[in-house]
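In: Okay, here's the prediction I keep looking at, along with the sequence it came from:
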Amino acid sequence: MREMPRSLSTPLSFWVSAGIVAHTLWTSAAPAMVYPLYAHEWNLTPTVTTAIFAIYPIVVVAMLVLFGDLSDFIGRRTTMLLGLGSSIIGVFLFVIAPNVAALFIGRVFMGIGVGLSAGPSTAALQEFAGSGGVTRASSTTIIAQAIGFSCALIVGGFLVQYAPLPSRLTFIVLFVLLLALFAVSWFLPENRRANTGRWHPKIPGIQPEIRTAFMASSLAVMTAYTHGVIITSLGAQIAKELVQSSNIFVNGSVLALFAISLGIAGLFARRLTGIKAVVWGSVASIVGMLFLSAAIAQHTLVFFIPATSISGVGYALMVYGGLAIINPVTPENVRGGVMSALYQFAYLFTGLLAVALGKVATELSMAVAALIGAAVMVGLCAIVIVLVVRLPRTPAVQIKSLNSQRA
């Protein structure tokens with residue numbers, strides 16, 4: 001009897017790591033199409049539903065702060081398995097949730113899972129891509145996120161609208177898929193530990209020589225993730241209440257255009273330098289917010305469709321550009337910690353913004369909350385443009401200088 005191989009090949013390991021990246025967005029967005037059901041069944045205010053969303057990124061931040069560089073000490077594989085295990089527990093709690101408290105606990109476990117796996121999976125993609133694979137790793141990260149996000153919205157919208165158990169079946173499907181991903185991930189090769197010292201919880205530090213690049217890349221990624229508050233936290237309710245579309249599958253499909261355009265843009269993003277990608281992504285995001293404002297004012301999908309689509313392009317270019325700026329200048333022995341630090345700013349801001357917009361929606365209206373969110377996005381994009389155009393035009397901050405190394 002032939003013995004099963006202990007480890008996956010490098011190409012397979014690359015794609016399994018991409019699957020773990022995809023799980024972070026699917027897990028994050030999984031409840032998006034179910035929030036209106038929770039609000040109706042349990043008589044929840046927008047403050048509560050956005051708090052269910054917000055507890056997740058806040059927990060992610062706590063994990064990134066305390067355990068951001070864990071994979072640099074115990075290895076990418078082990079850390080990603082711990083993250084997947086926690087995500088599985090969180091999704092299972094949504095499957096069986098008898099009350100709102102179970103949802104909050106489930107989101108805590110989801111946050112732990114994503115907090116443990118987001119940085120290591122991004123770092124693993126870079127390492128399995130090999131030398132000269134920076135552009136491939138960055139674009140694959142975007143595409144994996146797009147797949148996870150779009151599946152959460154399209155599959156979730158379809159199951160909520162047409163299948164039995166509308167508030168649970170979408171989580172049953174995700175639960176089964178995560179079990180399969182965990183099983184495959186068990187056979188990932190364990191990377192050589194970048195640090196051989198003793199690990200202890202600590203706030204990740206950023207080396208002085210990469211701080212300028214890190215500031216630009218982290219602000220770009222944080223701004224991109226702000227789209228998630230509008231699309232994931234408020235999107236389904238904006239479509240139902242403001243755009244006045246009652247079909248949940250249609251709403252989920254329209255919101256999924258964000259992820260689909262994100263993935264398509266990710267395929268072409270590698271042709272741009274990191275700086276150009278961030279600038280064009282910021283411009284696209286501003287245009288997307290203008291369409292969103294028009295959709296709210298006119299109560300029509302005619303403007304909501306381009307709002308989600310163009311915003312997806314903006315997200316893709318900003319995340320790709322942010323990763324393309326920081327990846328080439330980050331030493332391997334601190335890559336896990338740096339990637340985790342980059343994500344912690346994004347998740348912290350989105351969590352706080354979600355709580356604030358939920359409060360505004362409860363006290364004033366959903367329309368006011370959505371318009372404030374759009375204004376915040378426009379302001380952040382302007383700041384990002386000003387910051388990145390001032391970066392030095394050197395190979396240290398441009399991904400294009402590495403394109404010649406690609407196979």
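Out: Thanks, I have the structure now.

In: Run the chain-centre distance for the strand or helix carrying Phe175.
Out: Taking DSSP states H and E as the criterion, Phe175 maps to helix 169-185. Average the C-alpha atoms of helix 169-185, do the same for its chain, and the two points are 18 Å apart (Cα atoms, centre = their mean, to the nearest Å).

In: Pass me the low-pLDDT residue ranges in the protein, would you?
Out: Within the chain, the stretches with pLDDT under 70 are 1-5, 131-132, 134, 191-205, 232-237, 240-245, 336, 393-407.

In: any idea how it splits into domains?
Out: Here the domain assignment for the chain is 9-189, 208-394, based on the TED database.

In: Let's have those in CSV, adding mean neighbour count.
Out: Quick note: C-beta positions are derived from backbone N, CA and C, even for glycine. As requested, the domains of the chain are arranged in CSV below (neighbours: other Cβ atoms under 10 Å):
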stretch, mean neighbour count
domain 9-189, 22
domain 208-394, 22
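
In: so Ala32, which of the three states?
Out: The three-state label given to Ala32 by DSSP: H, G, I helix; E, B strand; the rest coil is coil.

In: Does it touch Leu153 like I think?
Out: Yes: Ala32 lies in contact with Leu153 (Cβ atoms under 8 Å); the separation is 6.2 Å.

In: which neighbours do the two share?
Out: Counting by Cβ atoms under 8 Å, 6 or more residues apart in numbering, the contacts common to Ala32 and Leu153 are Gly252, Leu255.

In: List the contacts of the residue nearest to Ile230 when sequence neighbours are not counted.
Out: With sequence-adjacent residues excluded and distances taken as Cβ to Cβ, 6 or more residues apart in numbering, Ile230 is closest to Gly373, at 4.9 Å. The neighbourhood of Gly373, defined by Cβ under 8 Å, 6+ apart, consists of Thr226, Val229, Ile230, Leu234, Leu353, Leu357.

In: change it to 10 Å
Out: Counting by Cβ atoms under 10 Å, 6 or more residues apart in numbering, Gly373 makes contact with 226-227, 229-230, 233-234, 238, 289, 292, 353-354, 356-357, 360-361.

In: repeat for Val60
Out: Remark: with contacts taken as Cβ under 10 Å, 6+ apart, Val60 is in contact with 24, 28, 110-116, 118, 340, 343-344, 346-348, 350-351.

In: Looking at those, which are in helices?
Out: Mapping these onto helices (DSSP state H) picks out 24, 28, 110-116, 118, 340, 343-344, 346-348, 350-351.

In: separation between the residue nearest to Ile230 and Thr350?
Out: Between Gly373 and Thr350 the computed distance is 11 Å (Cβ to Cβ, to the nearest Å).

In: what residues are shared contacts of the two?
Out: By Cβ under 10 Å, 6+ apart, Gly373 and Thr350 have these common neighbours: Thr226, His227, Val229, Ile230, Ser233.

In: hang on, the fourth one packs against Ala307?
Out: Yes: counting by Cβ atoms under 10 Å, Ala307 is a contact partner of Ile230 at 9.1 Å.
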